[in-house]
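Chemist: the following block contains a protein sequence and its predicted model.
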Amino acid sequence: MLHEDVFSLAFCSNDAAFAVGGVNTSDVAGNVTYVDVEQTYGMFYGYYLVYLESVGVDGETISGVSENELNWLGGVLVDSGTTLLYLPSAAASAIETKVKSAASANGVSLSGKFFEWMAAVSADDLQYFPTVSLNLKGYTLELTPKDYLLHYDTGYYWGISSSSVGIIGNIALQNKMVVFDREQNKVGFGDAKCGSGSGVVADASLEFDDDAT
C-alpha cells in the first residue's frame, strides 16, 4: 500500500512529524540531500549508519581523531531514539575545549559542572557559542548552539557526550527533515518547515498528508 519504501521524520522543537510511504516536498525548505547508508563493519545493513569524515568547530576541523575512530561500526548512527550527540572521546573533548574557549573570550564562564550536565546557560549566552559541523560523506550537518545544547525549562544544557559508537541523536536533528530510504539504502537531510519560534521557515507550519508522495 506504500508509494515508496521510505519513511521520514521532521523535528521541530518539542514537536515531531512522521510519514510513511514518501516525502512531502512542501514540508521541506529547499532540497533534501541524500547520503549512502554504510554497512555495519562493512558486512551487513544493521543500522542507519552514515560516514562521518570529520568534525569541525566554527569551520576549523578538529585534529587528533581519525576517520576510523569516528566510524567504528562503519559509520555513525542516525537515531531519533537517542537524545544527545555522541562522538569518540577525543572529538567530544576537543569540542568542549573550543566551546569553553569561545564562550570565555566573550565573558561567559563555563565550569566543569556545565559539561557534566549539572549547570545550564541562558538563551542570551548562546550568541557566544560556536557552530559545530558534522562533515558527512556528501553532506555537512551544521549545528548551531541550539542544535547541540539540550533545552530544558529556561536553561540550555550540554548536549554532547563521548562514546566509542558515534550517534547523531535527536538533539542534532532539530529543525531537520530526515528521510530514510530503505530501497536505495540512503538517508536524506533537509531543512524542515517548522512553525514560528522553532524552525527554519518562520511563517510555515508542518503538516503531513495521509497520501504522502
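Modeler: Alright, I've got the coordinates. Because the structure is predicted, anything quoted here is derived from the model rather than measured. Numbering: from 1, shown residues only.

Chemist: list the contacts of the residue nearest in space to the middle of the chain.
Modeler: Most central in the chain under C-alpha atoms, centre = their mean is Ala172, positioned 2.4 Å from the mean C-alpha point. Ala172 makes contact with 85, 134, 141, 143, 147-148, 159, according to C-beta atoms under 8 Å, 6 or more residues apart in numbering. Just so you know, the C-beta spots here come from the backbone N, C-alpha and C atoms, and that holds for glycine as well.

Chemist: let's see that with 6 Å instead.
Modeler: 85, 143, 147 (C-beta atoms under 6 Å, 6 or more residues apart in numbering).

Chemist: grab the nearest non-local neighbour of the first one.
Modeler: Leaving aside its chain neighbours, Leu85 sits nearest to Ala172 (4.5 Å; criterion: C-beta to C-beta, 6 or more residues apart in numbering).

Chemist: which SS state does that neighbour fall under?
Modeler: helix (DSSP: H, G, I helix; E, B strand; the rest coil).

Chemist: by mean pLDDT, flag the weakest helix or strand of this protein.
Modeler: The weakest-scoring helix or strand in the chain, judged by mean pLDDT, DSSP states H and E, is strand 15-20 (a mean of 85).

Chemist: sheet-wise, list the partners of that strand with their directions.
Modeler: Under the criterion DSSP bridges, strand 15-20 sits next to strand 6-12 (antiparallel) in its sheet.

Chemist: quick check: mean pLDDT of the strand it pairs with?
Modeler: Mean pLDDT, strand 6-12: 91.

Chemist: and stretch 37-55, by the same measure?
Modeler: Averaging pLDDT along stretch 37-55 gives 95.

Chemist: cool, and stretch 168-188?
Modeler: Confidence for stretch 168-188, expressed as mean pLDDT, is 95.

Chemist: buried residues in that stretch, which are they?
Modeler: Buried residues in stretch 168-188, counted by 16 or more other C-beta atoms under 10 Å: 168-181, 186-188.

Chemist: what of stretch 89-103?
Modeler: Within stretch 89-103, the residues scored as buried using 16+ other C-beta under 10 Å are 90-96, 98-100, 102-103.

Chemist: what angle separates the longest strand that the chain contains from strand 6-12?
Modeler: Ranked by residue count and defined by DSSP state E, the top strand of the chain is strand 28-36. The directions of strand 28-36 and strand 6-12 differ by 130 degrees, with axes from the mean of the first three to the mean of the last three C-alpha atoms, to 10 degrees as the criterion.

Chemist: buried ones among the contacts of Ala172?
Modeler: Neighbour counting with 16+ other C-beta under 10 Å marks 85, 143, 147 as buried within those.

Chemist: hmm, back to that, in helices only, show me the buried residues of stretch 168-188.
Modeler: Assignment to helices by DSSP state H places none of these there.
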